[in-house]
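Asks: Give the three-dimensional model of this entry:
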Amino acid sequence: MKRVFCLSMALTWAVIVVPTAPAQGKKMVEGTGVGTIRGKVTLDGVAPADAKLKIDPNNKDASHCLKDDTVDPTWVVGPDKGLGNVVVFLKPPAGAAFKVDLSKKSWPEEIVIDQPFCSFKPHVSVVFPEYDGKRTGQKLIVKNSAPILHNSRIAGSSFRNPAKNETLAAGKEKLFELKADTQALKINCDAHKWMEAYIWSFDHPFAAVTKPDGTFEIKNVPTGIEVSVMAWHEIGTPANGKEIKKAALKDGDTINFSIKK
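Replies: Below you'll find the predicted structure:
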């Protein structure tokens, strides 16, 4: 009896600590229609001077690394303070999840991150890998188009996306299967310690990364229901994003805002 009781307690504990996909078990909400929202994110503050990546001159690959991609991509600021690499995304009401029809794909088949020199391109990405416990079919591919060895270590929350580390020989690529997460995932290269980038993995497709001029566009968003418009920048916002606006969106809405450095 004692052994049976201990096993029962262990199973109960396992059920408690292993989380389900973010959308599972929640009320599904959908808009009264769909639309496209656009906007621009600007920097509130003095634009920093272009900083250089801290490339180790003693690294065995330094000669290749210094050929290109040497500007630090943390602050990408345009001439009118448009701010790049900001993730703009929608958040449903508390306790709810967006209803998404997986048969009507409005998202790309593949998201590709490359390492042609010694930085990740792009620096910030958004992906939609799963919904309500089901795979969406979107693939995240990390490739190495450089003539040197790279590796990719991707980590998010410990339960949803524990660290995955893959070595990538020159010219090779790797398919990563991620889960939807509630925080940004970080990708690093252990062979070149200064290399890092970010991936937001959502359980819906209503997200975009601002271009270098600060502009963004999100298509097929649910309209007519109250949602939160969120923003994330690796330094300028909280780790899980900042609420910019809470409103029932309309097709064609323009949402402009600034992020303080």
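Asks: neighbours of A49, just the number please.
Replies: Neighbourhood size, A49 [other C-beta atoms under 10 Å]: 8. The way it works is simple: take the backbone N, C-alpha and C, and place the C-beta from them, glycine included.
Asks: Please disregard the earlier target; I meant Q183.
Replies: 16.
Asks: Can you tell me the SS state at it?
Replies: Under DSSP: H, G, I helix; E, B strand; the rest coil, the three-state class of Q183 is coil.
Asks: dump the residue contacts of it.
Replies: 156-157, 239-240 (C-beta atoms under 8 Å, 6 or more residues apart in numbering).
Asks: for this structure, what spans make up the helices?
Replies: Ranges of helices in the chain, per DSSP state H, are 2-17, 62-65.
Asks: ok, of these, where does mean pLDDT dip lowest?
Replies: Ranked by mean pLDDT, those bottom out at helix 2-17, with a mean of 35.
Asks: right, and W232 touches A184 too?
Replies: Yes: if you go by C-beta atoms under 8 Å, W232 and A184 touch, sitting 6.6 Å apart.
Asks: okay, and the common contacts of these two?
Replies: In contact with both W232 and A184: 87, 200, using C-beta under 8 Å, 6+ apart.
Asks: Those two: which has the busier surroundings?
Replies: W232 (25 against 22).
Asks: Now do that one against K211, distance only.
Replies: Using C-beta to C-beta, to the nearest Å, W232 is found at 16 Å from K211.
Asks: Let me see the contact set for the closest residue to N85 other than its chain neighbours.
Replies: Spatial nearest neighbour of N85, chain neighbours left out: V124 (4.4 Å); criterion: C-beta to C-beta, 6 or more residues apart in numbering. Shown in contact with V124 (C-beta under 8 Å, 6+ apart): 85-87, 197-200, 209, 234.
Asks: who does V124 bridge with?
Replies: On the basis of DSSP bridges, V124 is bridged to Y198.
Asks: Likewise for L43?
Replies: I259.
Asks: ok, now which ones touch it?
Replies: Here L43 is in contact with 75, 77, 81-83, 258-259, 261 (C-beta under 8 Å, 6+ apart).
Asks: still on that earlier bit, which among the contacts of Q183 end up buried?
Replies: G156 (16 or more other C-beta atoms under 10 Å).
Asks: which one among the contacts of Q183 gets closest to I225?
Replies: N240 (21.5 Å; C-beta to C-beta).
Asks: Kindly provide the distance from that closest one to S157.
Replies: Counting by C-beta to C-beta - N240 and S157 are separated by 11 Å.
Asks: Ok, L175 next?
Replies: 21 Å.
Asks: What of H150?
Replies: 24 Å.
Asks: What of K245?
Replies: For K245, the distance to S157 - C-beta to C-beta - is 26 Å.
Asks: Thank you, goodbye.
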